[in-house]
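**Q** One predicted model, sequence on top.
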Amino acid sequence: MWRRVASLSSSISSSLLAQTASRLNTWESLTTGIAQQAKGVIAPKEKTPFITFVLGGPGSGKGTQCIKIVETFGFAHLSAGDLLRREIASKSADGDMILNTIKEGKIVPSQVTVKLIQKEMELSDNHKFLIDGFPRTEENRVSFERIIGVEPNVVLFFDCPEEEMVKRVLNRNEGRVDDNLETIKKRLTVFQALSLPVINYYSKRGKLYTIKAIGTEDEIFEQVRPIFAAFERTVG
Ligand SMILES: Nc1ncnc2c1ncn2[C@@H]1O[C@H](COP(=O)(O)OP(=O)(O)OP(=O)(O)O)[C@@H](O)[C@H]1O
Ligand SMILES: Nc1ccn([C@@H]2O[C@H](COP(=O)(O)O)[C@@H](O)[C@H]2O)c(=O)n1
Ligand SMILES: [Mg+2]
């Protein structure tokens, strides 16, 4: 749990402090570690966050596999695309800009997306996060590191042939404004130009797990399962 700890008197016992912080339901900053910086504050024992980025082209099966990972390993699933679509639906100040960007298959400014992710992380009781469809660009990646202040533990890459991705997206039938051939072509170009460099970056850092994203959903999950099974004992 990521809890922000209020600055309270150092004379208060640590257990009372923990109870008070819990009652206040304030959350530990994901950015600067306010808990460590605040004078006289003893932070309650927290679990270290375990962050997985889930990457792959449009229709490669990221969302589908995230559902299985959540069911099997108890992660919180944060889909960047879903968070952006929620902003559109709620008619937020950025809604129109986000809608136009998604229709064009382009990438929403990183600060907008990272803030949405940050808010969800802070609200979550979970410490294990699957961040789906993010980072899509080097700018996304750098912005996350700057604002959230942590790096992912694992990066999954669902590697799927373009022809299969196009077929899946055109059959998805969820009423998405970007599930049409014109936008898919643009999204594939963006994926090649802007997302592959991020994938290469994590490959060089030894964090990348590439999944061959063809076959049935269950067959693909059998490639994913051992990755998280290996971490399960250390992550909890
Ligand atoms: N292994 C599979 N075989 C066939 N169809 C699949 C497979 N995995 C997922 N699908 C279907 O393909 C479509 C796209 O899958 P999904 O939404 O999981 O992809 P995604 O990577 O999240 O795409 P996007 O980036 O566009 O959100 C969905 O309709 C899903 O049911
Ligand atoms: N980091 C991101 C993620 C998504 N977008 C925009 O949303 C569209 C749909 O995303 P999915 O993950 O649901 O496929 C995507 O094509 C982008 O327009 C984004 O800008 N930044
Ligand atoms: Mg998706």
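**A** Arrived safely. Ligands and ions are numbered 1, 2, ... in the order given.

**Q** what does this structure have sitting close to ligand 2?
**A** Applying C-beta under 6 Å from any ligand atom, one finds that the chain approaches ligand 2 through 58, 80-81, 84, 101-102, 105-108, 113, 133-134, 136, 140, 178, 187. The way it works is simple: take the backbone N, C-alpha and C, and place the C-beta from them, glycine included.

**Q** Show the model's pLDDT score for Lys186.
**A** In the prediction, the pLDDT value recorded for Lys186 is 98.

**Q** how near is it to Phe157?
**A** 21 Å (C-beta to C-beta, to the nearest Å).

**Q** Quick check: mean pLDDT of whichever helix in the chain runs longest?
**A** Counting residues, the longest helix found in the chain (DSSP state H) is helix 217-235. For helix 217-235, the mean pLDDT works out to 95.

**Q** Report the contact partners of Gly57.
**A** 158, 160, 162, 165, 187-188, 191, 195 (C-beta atoms under 8 Å, 6 or more residues apart in numbering).

**Q** what's it sitting at in phi/psi?
**A** Dihedral pair for Gly57: phi -70, psi 170, per degrees, to the nearest 10.

**Q** try Asn100
**A** Note on Asn100: backbone dihedrals following degrees, to the nearest 10 are phi -60, psi -40.

**Q** how many other residues sit next to it?
**A** Using other C-beta atoms under 10 Å, Asn100 has 13 neighbouring residues.

**Q** Strands along the protein, start to end?
**A** Along the chain, counting by DSSP state E, strands occupy 50-56, 76-79, 128-132, 154-159, 208-212.

**Q** This completes my enquiry, with thanks.
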